[in-house]
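# Need a 3D model of the following:
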Amino acid sequence: MKTLISTACGLALLTTFVSVSHDAQASDRKLILPIAGAMAKNDASTRLDESIKFYFGKQATPHIEKRLASDKTSKKTNAFGKSDEKACNWVFLSSMLQLQARAKELGANAVVNIVSNYDNVEFSSETDFECHAGAIMAGVALKGDFVKISDK
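All right, here's what the predicted structure looks like:
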């Protein structure tokens, strides 16, 4: 009898776990949010080094002296108990900080052609970025080209 009750409890728990897991995946929401809004949050202006310039989508850039590399980011953050916008703005900044670190590593002073690249599907905009938010996690993926631009 104890074995039967234990088995029944185990199956109930497993069913609940699978259901919760499926619900968390099913609640994935694609959001398009303003870059300016994200840059105004979480001390982004002080955390991003002014020596590295960022250009999104097809934004005009100063003369590119040298192309160094292309690279991608894929960052996630805890979204539990946060609004989608708050979680997305936070993970956007994390992605930007990763681009900045890579630029410094390469000796670049700019990142150009930055596009959202969630699940390797590009979304290009000069004003917005793509974020995916669920019940537990939020994610932003970016890619861009690392370059040296002229100071003129």
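# From residue 147, how far out is residue 137?
Look at residue 137 and residue 147: by Cβ to Cβ, to the nearest Å, they are 32 Å apart. Where C-beta positions appear, they are placed from N, C-alpha and C, glycine not excepted.
# More neighbours: which of the two?
residue 147 (24 against 16; other Cβ atoms under 10 Å).
# Can you give me the pLDDT of that one?
Residue 147 carries a pLDDT score of 98 in this model.
# That one contacts residue 68, correct?
Yes. Contact criterion Cβ atoms under 8 Å: residue 147 and residue 68 qualify, at 6.2 Å.
# anything in contact with each of the two?
Residues touching both residue 147 and residue 68 (Cβ atoms under 8 Å, 6 or more residues apart in numbering): residue 108.
# can you give me the strands for this structure?
29-34, 53-56, 64-78, 110-118, 121-123, 128-133, 137-149 (DSSP state E).
# Packed most tightly, which of those strands would that be?
strand 128-133 (a mean of 24; mean count of other Cβ atoms under 10 Å).
# Contact partners for residue 120?
If you count contacts by Cβ under 8 Å, 6+ apart, residue 120 has none.
# pLDDT wise, what is it at?
Confidence score, pLDDT, at residue 120: 96.
# Please tell me how far it sits from residue 72.
9 Å.
# now do residue 29
In terms of Cβ to Cβ, residue 29 sits 22 Å off from residue 72.
# then stretch 133-142 to PDB, C-alphas only?
Taking Å, rounded to 0.1, in the frame of the first residue of the first chain, the C-alpha atoms of stretch 133-142 are listed here in PDB:
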ATOM      1  CA  ALA A 133      10.500  37.300 -21.700                       C
ATOM      2  CA  GLY A 134       9.000  34.300 -19.900                       C
ATOM      3  CA  ALA A 135       7.800  33.500 -16.400                       C
ATOM      4  CA  ILE A 136      11.400  32.900 -15.200                       C
ATOM      5  CA  MET A 137      13.900  34.300 -17.700                       C
ATOM      6  CA  ALA A 138      14.300  37.200 -20.100                       C
ATOM      7  CA  GLY A 139      16.800  37.200 -22.900                       C
ATOM      8  CA  VAL A 140      18.500  39.500 -25.400                       C
ATOM      9  CA  ALA A 141      20.800  38.500 -28.200                       C
ATOM     10  CA  LEU A 142      22.800  41.100 -30.200                       C
END
